[in-house]
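Asker: give me a model of this one.
(chains A and B)
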Amino acid sequence: MKALRTDIRDFVTPSWLTSIPMNLGEPSHGKLKADQWRTLGTVYLPVSLVRLWVPPHRDNPQQAGRQKLLSLTLSLVSAINIASLRTTSRDKANLYTRYMTEYLEGLRNLMPDYQFRPNHHMALHLSEYLLLYGPVHGWWTFPFERLIGLLQDIPNNFKNGQLEETIATSFVKSANLRALLAKSECPEAIKNCQAFFRKLVDPEVRNTLLTDISVFTSQLEPEFTSTPTISFPPSTIRGTTFRVLEKFLCDINKTPILRMAKTLSYYTVHGRTFSIAARHKGNGSVLVRHQSSMLPAEIEDIVRTSDDQIFVAVRYFHPTNVNDPFKAYPALRISLWDSNLGQLVIVRAEDICGHFASISLLWEGCRCNVVVSLSRVD
Amino acid sequence: MESSDPIFQVTFFMLITCHVILGVGRRGCNFLLSIVGYIVQLTIQRCPGKLSSHDRKLLADIPCDSRYAEDRFNLTTNATIYAVCPNPNCHAIHKPVFESGSPIPVYPKACSYVEFAGGSQCGTALLVFEKVEGKPVGVPIKRFVAFSFKDWLGGLLSRPGLEDVMDKAWERCKIGGEDREMNDVFDGDMLRSFCGPDGKHFSLGGCEGRYTFSLGVDFFNPLGNKQSGKKKSISMVSLVCENLPINIRYQPENMFLYGVVPGPNEPPLTCLNHYISPLVDELEVFWNPGVRFTRTFNCFYGRVVLAALVCVVCDLLAARKTIGFASIKHTQMCAMCRCTRKSHGLGNTQTGSWVRRTKDEFIAAAERHRLACDHKSRQEIVDETGMRWSVLLRLPYFDPSRFAVVDAMHNLFLGIVQEHYEILGIRLESKEPPAAVDLSTALPPQSYTHLKTTEQTKMRSLIRTLEGPIRASLHTTTGWAHFEKKLSSIQTECLRLAIQRLQIPLLPASHQKRTKTYKIDYIKALLTWVRYSFCKEIPLADHLASSDEIFLKTLEVNPNSNVVIFSLRRT
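Answerer: Predicted structure coming up:
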């Protein structure tokens, strides 16, 4: 428990990932939300457990049981990861059932007295629905729960029988107001206020579900990049970045750029903010598409050239030589990397596909970084 | 609205936004309105020269009541207010009738719902009478506000661009083979094989609009999710159009809120049917023959639209009420397959051996349930089949075995992950551990069976309090006062019984002239007994100090029963 708490503190995460209370386990934080359980289960738990239980303690009599429990946990997390991917297919649904069956059978062998819950049975039906209705986001209750959140916020007079009416009519009013802006007969002056209104009703994305949804936007709509509207005066690109960038542009036969260009500290694509690591370490930890695989890297500089192209200077993580305990479970999307960073490289903004959460730990005597991929696309 | 000045338009827009979205009250809105009015006046007067007649009119026209703004925007949608039968076992809803030319809705006086064929009417009174303009007008005791799906869909289709994307959604159904990658509902097998009322695939409607919807039902507490605090449960029924692209599908303006089922308690099992039934009426028409909208954004001359409900998204508890499944604790534990607790058990993983339930099986069982003539035979049918009748079955295409989805969020994240933490031995949700018995009171339940039910409940709570770890706090003044107050809610009869059974001597009354024993005397005796159990000597208690002639001393402490016997001696 204590280890889990320190891991929550030490993890470097992007800002959109739902945050978990630091004082986990104390009553003061109240009930955890489903989204928090999800993050807790798929990001923090596997890493913490592996860190605690994998290095063999020969003298510990619980060792064998722990190893089994650990492999069960990893099967479960794999199953959940597969089920909550943004895309699904027949193969993935079968893989999900395999992992889930593995988990349940393992649990039954390990604890013969354990009383199974109806949920365990239902979980095995999930794969049928994956095939019937496609990926989970089309048919899970997250959006409805969010609607409930909106309904709960509506002020009411706490009287039975009256508050239900207030809630219903107020909600319909606010929905109609939102819809009004999209209607063609909306007066010009009010349409001009649309930008302010959007800012009011769509606050900053800070939970996993909304990020999921906005990433879909990126697949459905043409790519657009919004940058801070305040235009910074062009500044000098830092020496090293400039040299690498110059070489990169030469290689792809482009005209060399001016020394003076805009260096940004962050940019936002569909709700996800990528920033330089010096500004926000979590938002600067990105996965870069590199020849059909994804490599973790840290953003050092972001440069916007005069023709509105964004180039990102990153340093890749080095692969590590130690044994990776997560290798047996590819669906966890967790891997170990060396904590030293590599050479500065330039990549295009389009190649950056997502964030990862990371934590550094001492593994077989080496300082390593555990990288938990948060992209749910593959 | 269009005719008014842009300054007013924007001002009203601001007020409405504050009122509707931020929840600013009417007083706050009036304040904002008057301040903005003043700002406008200051701005106009800053320009030198005389005011034009237009500006003077503008200043004169500034309204002083924010309700005016709301009326101009016309945000309210027409809703039907049903009278709900206040009988907690009935919940039938009754539609109002309007007499010609009168805006006053007329409801039936008593509930006429007949639950079982050939049975009697419910007969509960529905109305209270209030005087309006000297005449008594019947107002429903319990009301349910339902919005019209047809109106809402019409509004949705009148917005630019939406019709195009909604029609385009079907194109996804045509691409990809067996092992395609699925991105959305339209890639799934369900919609690919979904046939319309004419037997052809649902999307093949020519120029008709063919849209699919999912129904969400969930119960929630309108007073917030605090552990402490009041508990109420109301439910919302909402429809989402699956044809919309996912990024706008769940925006509040694109979700149809059908209604909020009134609380304070959840309607019992089959009673949710009453509330959904007007929605099902509308959906029946939307399926066959379809609804003709006189004008949509794309079709100036009107368009026929067919709508189908293709999935019901809710957690297991709400699914039970909406679709009529048996409880998850029931032996027919699963609504999808014929596994029972006895034959398979919850931990069974041989998915191959599970027998899937079929649509016909569901419908046959539900029909039997509906036609059954009393509660007992209905319960027998539920025990045998695990199904109840649901109003959704009136939709000819509704297939409970496939449309009721297992919710992944509740199942995986809230269910299995949470359970797994428990298995690992990490307790995150702090549950209060059962209070350790600090002091045994030796009051078995059979010793108070002669009491009334309410008194028995109080008796149990009294025993819990006395046995709990309260001794330390009884030594402080505030702690003493707290428990004195707590016990004062318990009937005197219970307190007297406890005192008799435990053989606790009453303390001498603080006032000499009191001849009768009051409740407070019992409470004091009980608390003193707890406070000084395990003590050899009882000091002169501060709360007893008022009766200064009293001196207390323990004579004897029985080590087996923890019972302290007081002996009281007057000095």
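Asker: hang on, residue B:279 in a strand?
Answerer: No. According to DSSP: H, G, I helix; E, B strand; the rest coil, residue B:279 belongs to no strand; its state is helix.
Asker: quick check on the residue lying closest to it once chain neighbours are set aside: phi, psi?
Answerer: Nearest residue to residue B:279, sequence neighbours excluded (Cβ to Cβ, 6 or more residues apart in numbering or on different chains): residue B:258, at 5.3 Å. Quick note: C-beta positions are derived from backbone N, CA and C, even for glycine. Main-chain torsions, residue B:258, degrees, to the nearest 10: phi -70, psi -40.
Asker: neighbours around residue B:258, how many?
Answerer: Neighbours of residue B:258 under the rule other Cβ atoms under 10 Å in any protein chain shown: 24.
Asker: and if you look at residue A:201?
Answerer: When neighbours are counted by other Cβ under 10 Å, residue A:201 comes out with 16.
Asker: again, but for residue B:300
Answerer: Residue B:300 has 9 nearby residues by other Cβ under 10 Å.
Asker: from residue B:86, how far out is it?
Answerer: Distance of residue B:300 to residue B:86, given as Cβ to Cβ, to the nearest Å: 48 Å.
Asker: do residue A:177 as well
Answerer: Separation of residue A:177 from residue B:86 (Cβ to Cβ): 34 Å.
Asker: higher neighbour count, those two?
Answerer: residue A:177 (21 against 15).
Asker: so who does the more buried one touch?
Answerer: For residue A:177, the contact set (Cβ atoms under 8 Å, 6 or more residues apart in numbering or on different chains) comprises B:16, B:17, B:20, B:21, B:73, B:75.
Asker: what residues does the stretch 351-500 of chain B have near chain A?
Answerer: Applying Cβ under 8 Å from any Cβ of the partner chain, one finds that the stretch 351-500 of chain B approaches chain A through B:351, B:402, B:405-421, B:423-424, B:426-430.
Asker: in helices, which of the residues you listed fall?
Answerer: Mapping these onto helices (DSSP state H) picks out B:402, B:408, B:418, B:419, B:420, B:421, B:423, B:424.
Asker: grab the nearest non-local neighbour of the fourth one.
Answerer: Excluding the flanking residues, the one nearest residue B:419 by Cβ to Cβ, 6+ apart is residue A:117, at 6.0 Å.
Asker: residues contacting that neighbour?
Answerer: B:346, B:415, B:419.
Asker: where does chain B have low pLDDT?
Answerer: For chain B, the stretches with pLDDT under 70 are B:1-2, B:176, B:224-230, B:328-329, B:425-442, B:505-515, B:532-571.
Asker: same question for the host helix or strand of residue A:148, mean pLDDT?
Answerer: Secondary structure from DSSP states H and E places residue A:148 in helix A:142-153. Here helix A:142-153 scores 80 as its mean pLDDT.
Asker: biggest strand in chain A, by residue count?
Answerer: Using DSSP state E, we find that the single longest strand of chain A is strand A:334-348.
Asker: output it as CSV, nothing but the C-alphas.
Answerer: C-alpha atoms of strand A:334-348 as CSV (Å, rounded to 0.1, in the frame of the first residue of the first chain):
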residue,chain,number,x,y,z
ILE,A,334,4.8,-1.6,-20.5
SER,A,335,8.5,-1.8,-21.2
LEU,A,336,11.8,-1.0,-19.6
TRP,A,337,14.2,1.5,-21.0
ASP,A,338,17.6,2.8,-20.0
SER,A,339,17.4,6.0,-18.1
ASN,A,340,20.0,7.7,-20.3
LEU,A,341,18.8,9.7,-23.2
GLY,A,342,20.2,9.5,-26.7
GLN,A,343,21.1,12.0,-29.3
LEU,A,344,19.0,15.0,-30.2
VAL,A,345,16.8,14.1,-33.2
ILE,A,346,14.2,16.1,-35.2
VAL,A,347,10.8,14.5,-35.8
ARG,A,348,7.7,15.9,-37.4
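Asker: pLDDT weak spots in the stretch 101-250 of chain A?
Answerer: A:202-238.
Asker: which residue ranges form the helices in it?
Answerer: A:118-123, A:126-133, A:142-153, A:163-182, A:188-192, A:194-201, A:208-220, A:239-251 (DSSP state H, counting those that start in this stretch).
Asker: residues near residue 325, how many?
Answerer: You didn't say which chain, so I picked chain A. Residue A:325 has 20 nearby residues by other Cβ under 10 Å.
Asker: try chain B instead
Answerer: 25.
Asker: quick check: buried residues in stretch B:159-177?
Answerer: By neighbour count with 16 or more other Cβ atoms under 10 Å in any protein chain shown, stretch B:159-177 contains the buried residues B:159, B:162, B:163, B:166, B:167, B:169, B:170, B:172, B:173.
Asker: typo on my end, it should be stretch B:23-31
Answerer: B:24, B:29, B:30.
Asker: and the last one, that's in a helix?
Answerer: Yes. Assigned with three-state DSSP, residue B:30 falls within a helix.
Asker: quick one: contacts for it?
Answerer: Going by Cβ under 8 Å, 6+ apart, the list of residues near residue B:30 reads B:64, B:65, B:66.
Asker: quick check on residue B:379: phi, psi?
Answerer: Torsion angles, degrees, to the nearest 10, at residue B:379: phi -60, psi -40.
Asker: for residue B:219, helix, strand, or coil?
Answerer: strand.
Asker: that one bridge partners, please.
Answerer: Beta-bridge partners for residue B:219, by DSSP bridges, are residue B:235.
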